[in-house]
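Q: Task: produce atomic coordinates for the following.
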Amino acid sequence: MEYRIIRSRRKTLSLQVTREGEAVVRAPLRLSAEYIENFVNKHEAWIARRKSEMAARPRLDLSDGAKLTLFGSDYTIRTGRARIGGGEIVLPAEKREEALSRLLRKFSLEVMTVLTNRLARTFGFRYSSVRIGSARGRWGSCNRDCVIAYTFRVAFLPPRLTEYVVIHELSHTVVFDHSPAFWETVGRVLPDWKIRRKELKSCRMMDFL
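A: Below is the predicted model of the structure:
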C-alpha cells in the first residue's frame, strides 16, 4: 500500500487519508521505516475503508459560475483574489478547496460571532468568546470557560440548523452536560429542538470540504 511519510519533532505516529485518497503517516524524526510500515499494515483495512468513503463523497463544484449556499445565501464562484462578498466567492485558479477553507474560517467567525451574540442577548445567555476551527466530529463545542467553538462547516447548514447549533452550545453555558436539565434549557428557546436535532444528524459533515 502506498503512503507518504511526514516526519517532525513529534513523539507519536498518526495516520490519515486525505480528501484526495492519499494515505499520510506523520512520524517522529528517527522512527524506523520498518516500524512505520508495520504500523500502516496493521491499519490497512481502515485505510481501505477511508479511501472508499472519500471516493464516494460528493465533491463541491467550485468551477466558475457554480453556486454555493452559505448561511442561507447564494454565492456565485469566479476566479480572482480570494474573498467572499457581494454575492460572490472569488477563488484562485488552483487549489480552490484549500482557498475556500481558509476563507470560510474568517467568514464563519464573523457570521457566527454576530449570531451567537444576538441569540445570547435575546435569550439571556452569557459566554466568553467565539472561535472557529475545522473539526469534523462535531458542529460546535463549549468549554467550562464558556468559550464556544464552531467548525467552519456550519456555513453550509440551513439557517434553522445553524441556529440550533448556537442555542445548543449557549445552553452548555448553563448546563455543561446533556442531562434532562440541559435539554429543558434548549427546549425553552427552541420547542422544536428534537426535529432540528434529527435534521442536523442527517447532514454528513464529510460532504462539506
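Q: Return the helix or strand in this structure with minimum mean pLDDT.
A: None of the helices or strands of the chain scores lower by mean pLDDT, DSSP states H and E than helix 44-56, at a mean of 87.
Q: hey, where'd the strands end up in this structure?
A: 4-8, 14-17, 23-28, 67-70, 73-79, 83-85, 88-91, 129-133, 140-142, 147-151 (DSSP state E).
Q: follow-up on the earlier one: how far away from the center of its chain is the least confident helix or strand of the chain?
A: Distance of helix 44-56 from its chain centroid, counting by Cα atoms, centre = their mean, to the nearest Å, is 20 Å.
Q: neighbours around residue 28, how many?
A: By other Cβ atoms under 10 Å, 14 other residues sit near residue 28. All C-beta spots, glycine's among them, are computed from the backbone N, C-alpha and C.
Q: All further residue positions should be reported with the first residue as 50.
A: Sure, I'll start counting at 50 from here, so that last one is residue 77.
Q: could you list every residue that touches residue 177?
A: Shown in contact with residue 177 (Cβ atoms under 8 Å, 6 or more residues apart in numbering): 194, 195, 196, 197.
Q: Which residue is the nearest non-sequential neighbour of it?
A: Nearest non-adjacent residue to residue 177, counting by Cβ to Cβ, 6 or more residues apart in numbering: residue 195, 4.4 Å away.
Q: quick one on the thing from earlier: just the buried members of the contacts of residue 177?
A: Taking 16 or more other Cβ atoms under 10 Å as the criterion, what is buried in the contacts of residue 177 is 195, 197.
Q: Kindly provide the distance from the residue of the chain most remote from its centre to residue 50.
A: The centre of the chain is farthest from one residue, residue 83, which by Cα atoms, centre = their mean lies 34.5 Å away. In this view, residue 83 and residue 50 are 15 Å apart by Cβ to Cβ, to the nearest Å.
Q: Which strands and helices lie in contact with the longest helix along the chain?
A: Ranked by residue count, the top helix of the chain under DSSP state H comes out as helix 145-172. Helix 145-172 is packed against strand 132-134, strand 137-140, strand 178-182, strand 196-200, helix 208-220, helix 229-238, with contacts defined by 3 or more Cβ pairs under 8 Å, 6 or more residues apart in numbering; DSSP states H and E.
Q: Go again with 7 Å.
A: strand 137-140, strand 178-182, strand 196-200, helix 208-220 (3 or more Cβ pairs under 7 Å, 6 or more residues apart in numbering; DSSP states H and E).
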